[in-house]
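Q: Sequence plus the predicted model coming up.
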Amino acid sequence: GMLGHAQRLLEGQPLYASPSAYFISFLYTPGYPALLALLGKVLGLSYVLGRLVSTLAFAGALWLLYRVAARQTGGGWWGRLWGLTAAGLAASTFPRTGAWYDLVRNDSLYLLLVPLMLVWLVESTGRTWRTLVAAGLAAGLAFLTKQTASLFIVFSGLVVVLRSWRRAPLYVAVVGLVAGGGVLWLNWRSGGWFWRYTFAMHQGHDFYWDRIWPVTELHLLRSSPVVAALLGLWILTAPPRWLY
């Protein structure tokens, strides 16, 4: 499906248009197939290319996990050990996710952009404005890759307000320009079909409240008590440290 959408972009056909017997658009924003189409112009569009993008994106997410965990635990060999542990725990979930990480889908790219946004956001405090702009750019691109990034964007805005409220207007402006501007342009170009697919029809998607709490947490506790204990300790200790 994603390769088919990327192929349409290469052929100059719209992704969001009235459904027909030949093509019905997916219900996601176009970031991933747009990236495939861009790379496909140079490398040739293929299933291998799609899986390579997903694999590299997930590898990037693992690198961010390693980097954050290593720094939060003091660096050095001890920090590297914890960094490898964090990345290894994420990689070990590969069988439990149905081998989802390396498929030709938008999810792995989304898993890279969201933590990249958060890492840059935390590191922007007391540093140059460019890091904050980069975080806003990553946030906007994450939304254009998958709409559920909007939840993380809301919380990221709260982080900016709590850590350095004077920078909030710039962050909101960058996210609004990339995500909001992208939505307006895509909706205008598609004659309203973009919004119909990615929002109106998407509202029919079931929302599993029990998976947010407590099904996922109980499953994690049963399958790996050590992971659950580490996550619990992190939740208790990390957020207060971010605020100071």
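A: Done, it's in.
Q: only C-alpha atoms for contact and neighbour calcs from this point on.
A: Will do.
Q: the helices in this structure, which residues?
A: Using DSSP state H, the helices of the chain run over residues 2-10, 31-43, 47-72, 76-91, 107-123, 129-145, 149-164, 168-175, 181-189, 193-195, 209-210, 216-223, 225-242.
Q: shaky segments in the protein?
A: 125-127, 242-244 (pLDDT under 70).
Q: picking that back up, can I get the helices of the chain in CSV including distance to Ser18 and mean neighbour count?
A: Formatted as CSV, these follow (distance: least, C-alpha to C-alpha, whole Å; neighbours: other C-alpha atoms under 10 Å):
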stretch, distance to Ser18, mean neighbour count
helix 2-10, 14, 19
helix 31-43, 19, 18
helix 47-72, 26, 19
helix 76-91, 40, 16
helix 107-123, 25, 21
helix 129-145, 21, 24
helix 149-164, 26, 17
helix 168-175, 29, 18
helix 181-189, 13, 16
helix 193-195, 7, 22
helix 209-210, 32, 10
helix 216-223, 38, 13
helix 225-242, 45, 12
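Q: Switch those helices over to a markdown table; also include distance to Phe23.
A: Below are those laid out as a markdown table (distance: least, C-alpha to C-alpha, whole Å):
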| stretch | distance to Phe23 |
| --- | --- |
| helix 2-10 | 9 |
| helix 31-43 | 15 |
| helix 47-72 | 19 |
| helix 76-91 | 35 |
| helix 107-123 | 22 |
| helix 129-145 | 20 |
| helix 149-164 | 26 |
| helix 168-175 | 31 |
| helix 181-189 | 18 |
| helix 193-195 | 14 |
| helix 209-210 | 32 |
| helix 216-223 | 36 |
| helix 225-242 | 43 |
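Q: nearest to Tyr22, of those?
A: Closest to Tyr22 of these is helix 2-10 (C-alpha to C-alpha; 11.3 Å).
Q: what's the closest of the helices of the chain to Ala21?
A: Per C-alpha to C-alpha, nearest to Ala21 of these: helix 2-10, 14.6 Å.
Q: from the chain's centre, how far out does that closest one sit?
A: Remark: helix 2-10 is offset 21 Å from the chain centroid, using C-alpha atoms, centre = their mean, to the nearest Å.
Q: roughly how far out does stretch 191-207 sit from the chain middle?
A: Counting by C-alpha atoms, centre = their mean, stretch 191-207 is centred 19 Å from the centre of its parent chain.
Q: er, stretch 111-124 actually
A: Counting by C-alpha atoms, centre = their mean, stretch 111-124 comes out at 10 Å from the chain centroid.
Q: Only alpha carbons, please: show that stretch as PDB.
A: Output of stretch 111-124 as PDB, limited to C-alpha atoms (Å, rounded to 0.1, in the frame of the first residue of the first chain):
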ATOM      1  CA  LEU A 111       9.100   6.300  16.000                       C
ATOM      2  CA  LEU A 112      12.200   8.100  15.000                       C
ATOM      3  CA  LEU A 113      10.800  11.600  14.700                       C
ATOM      4  CA  VAL A 114       8.800  11.700  18.000                       C
ATOM      5  CA  PRO A 115      11.800  11.000  20.300                       C
ATOM      6  CA  LEU A 116      14.000  13.200  18.100                       C
ATOM      7  CA  MET A 117      11.600  16.000  18.800                       C
ATOM      8  CA  LEU A 118      11.600  15.400  22.500                       C
ATOM      9  CA  VAL A 119      15.400  15.000  22.700                       C
ATOM     10  CA  TRP A 120      16.000  18.300  20.800                       C
ATOM     11  CA  LEU A 121      13.400  20.000  22.900                       C
ATOM     12  CA  VAL A 122      15.000  19.100  26.200                       C
ATOM     13  CA  GLU A 123      18.400  19.900  24.900                       C
ATOM     14  CA  SER A 124      17.300  23.300  23.600                       C
END
